[in-house]
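Asks: generate coordinates for the sequence data below:
(one chain, ligands or ions: 1)
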Amino acid sequence: MDSKNTSMMQRDLEVIWHPCTQMKDHETLPLIPIKSGKGVYLYDFEDNAYIDAVSSWWVNLFGHANPAINEKIKAQLDTLEHVLLAGFTHEPAVELAHKLVNITPTALKKVFYVDNGSSAVEAALKMSYHYHLNLGKRKPVFLSLTNSYHGETIGALSVGDVALYKETYEPLLIANIQVAVPKDQSQAAAAEALVTLEKLLKEKSDEIAAFILEPLIQGAGGMHMYHPDYLVGARALTRKYDVHLIADEIMTGFGRTGKMFACEHANISPDFMTLSKGLTGGYLPLSVVMTTDDVYNAFYCDYNEHKAFLHSHSYTGNPLACAAALATLEIFEQNDILGENEKKRQYIKTELEKFKMLKNVKEIRQQGMVTAIELKGYDAKERIGLRLYEYALTQGVLLRPLGHVIYFMPPYIINYEEIDKMVQVAYEGIQQL
Ligand SMILES: Cc1ncc(COP(=O)(O)O)c(C=O)c1O
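Replies: Prediction:
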């Protein structure tokens, strides 16, 4: 690596402990210091360009340094940068909450602001448990799907099921039961998994507060996908057995699955929906828990410290983040984003036909603007994901495989030429393994 990049990398490694990283890897694996971003591209200090094919951990929707979002944040900056949200409010938070209520499934009427994905999951779990308690029921257990991921804080980790992140912390976790996720995208797999779900709910629903799931796509679990029928069934069963349904749309929300929210594929309205990542177009940390009047009303009474939801974070509903979110929603309102994405999805699908001929490709999956290529024949110790990541960087593409699953989750503004490059680099990388 050249000098400007190298010196930045050295200064970084003196003081920064990076997320989700074995820091010793950086003795041989160079860090990529990024100086700027524009559109789908990230630029390092020597102006090497990288296509951000993973939308910077699935957050970016309309490109880096998007002029419309930049403008709205700058205007907000000169007006109000932050104010606490307890006892006070501000225009961006109010306007955004109204918009979210309008665009999310019908039963979701209230917005609780948080500031990152894991914290939204924590808040939803606490709210659900507390709701039942306020109604005189003690339900201290949560139900989730095998292979799920809901974040890294203790509660969120407890309802997740990716051993790599969870196993070490097992003694610290809260009570959680897991039920098998549908094994593939077929209707038959959904039907089979619903039978197991009903059996479990029949036995254990007395102790279960909520069933949390990632609708349609399990992201960190290797872009595992399942049929919307499962959501239809899970909604009906959770209602039947007095268990809340929490749709964690932190990754799937804001158009990723082909509709604005994944729940729309099944036409269901959950009791809670968690949103973050694309909410601000990938600009600033913000999250929300959306919930129903029924849940809200269970907390609404004369002051009683045990009944109120006394949960808070300092940066809850930050005005700059809300302004970024409003600008992001405005882009959806003014353009046919979902229609254009559908054309890109089909194009990517066609481009991927040739991957089927590669001997190490096990399966290709797609749902909206998420495409995954699962490889076969490798041992986890071989770290093929890392090898592909390194190769793609030399070719100017940021891919970040999840083990032996390579995926594309680019910003929606990616053009067809850039798609060609992203796909071709992945193809060559797989060929070379
Ligand atoms: C479905 C889902 N839930 C929760 C989270 C956690 O969000 P955050 O990383 O902002 O804490 C993630 C992050 O990838 C996610 O994909």
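
Asks: tell me what the host helix or strand of G339 is packed against?
Replies: Using DSSP states H and E, G339 maps to helix 337-351. Judged by 3 or more C-beta pairs under 8 Å, 6 or more residues apart in numbering; DSSP states H and E, helix 337-351 is in contact with strand 361-367, strand 370-375, helix 416-432. (Each C-beta comes from the backbone N, C-alpha and C, glycine too.)

Asks: which residues touch that helix?
Replies: 255, 258-260, 331, 366, 368-369, 371, 408, 412, 414, 416, 419-420, 423 (C-beta atoms under 8 Å, 6 or more residues apart in numbering).

Asks: now swap in stretch 24-33 and tell me
Replies: The contact list for stretch 24-33, computed with C-beta under 8 Å, 6+ apart, reads 1, 5, 8-9, 12-13, 18, 42, 44-45, 50, 386, 390, 393.

Asks: for stretch 289-307, same thing?
Replies: Residues outside stretch 289-307 that contact it (C-beta under 8 Å, 6+ apart) are 100-101, 104, 107-112, 114, 120, 123-124, 127-128, 130-131, 134-135, 244, 271-275, 308-309.

Asks: distance between the strand or helix carrying V295 and the chain's centre?
Replies: Per DSSP H and E: V295 is located in helix 293-297. With C-alpha atoms, centre = their mean, to the nearest Å as the basis, helix 293-297 stands 26 Å off its chain's centre.

Asks: buried ones in that helix?
Replies: For helix 293-297, the neighbour count (16 or more other C-beta atoms under 10 Å) marks V295 as buried.

Asks: now the element after that helix, going C-ward?
Replies: With elements assigned by DSSP H and E, the helix or strand that comes after helix 293-297 is helix 319-334.

Asks: and the helices and strands packed on helix 337-351: which comes nearest the ligand?
Replies: The closest of the helices and strands packed on helix 337-351 to the ligand is strand 370-375. By C-beta to the nearest ligand atom, the value is 11.4 Å.

Asks: thinking again about what came up before, ok, which pair from the contacts of stretch 24-33 is furthest apart?
Replies: The most widely separated members of the contacts of stretch 24-33, counting by C-beta to C-beta, are F45 and L386 (23.0 Å).

Asks: who has more neighbours, these two?
Replies: F45 (19 against 14; other C-beta atoms under 10 Å).

Asks: how near is the more buried one to the ligand?
Replies: 27 Å (C-beta to the nearest ligand atom, to the nearest Å).

Asks: quick one, what contacts that residue?
Replies: K4, N5, M8, P33, K35.

Asks: residues near L135, how many?
Replies: Count around L135 with other C-beta under 10 Å applied: 10.

Asks: before we move on, the earlier item: in ChimeraX, how would I select the buried members of the contacts of stretch 24-33?
Replies: Buried members of the contacts of stretch 24-33, defined by 16+ other C-beta under 10 Å, are picked up in ChimeraX with:
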select :1,5,8,9,42,44,45,50,393
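
Asks: nearest to the ligand among the contacts of stretch 24-33?
Replies: Checking the contacts of stretch 24-33 against the ligand by C-beta to the nearest ligand atom gives H18 as the nearest, at 14.2 Å.

Asks: OK, contacts around that closest one?
Replies: H26, L31.

Asks: now do the closest residue to I154 other than its chain neighbours, the pLDDT please.
Replies: Nearest residue to I154, sequence neighbours excluded (C-beta to C-beta, 6 or more residues apart in numbering): L172, at 5.9 Å. Turning to L172, the model gives it a pLDDT of 97.

Asks: what bridges to S287?
Replies: Beta-bridge partners for S287, by DSSP bridges, are V114.

Asks: what is the neighbour count of it?
Replies: 27.
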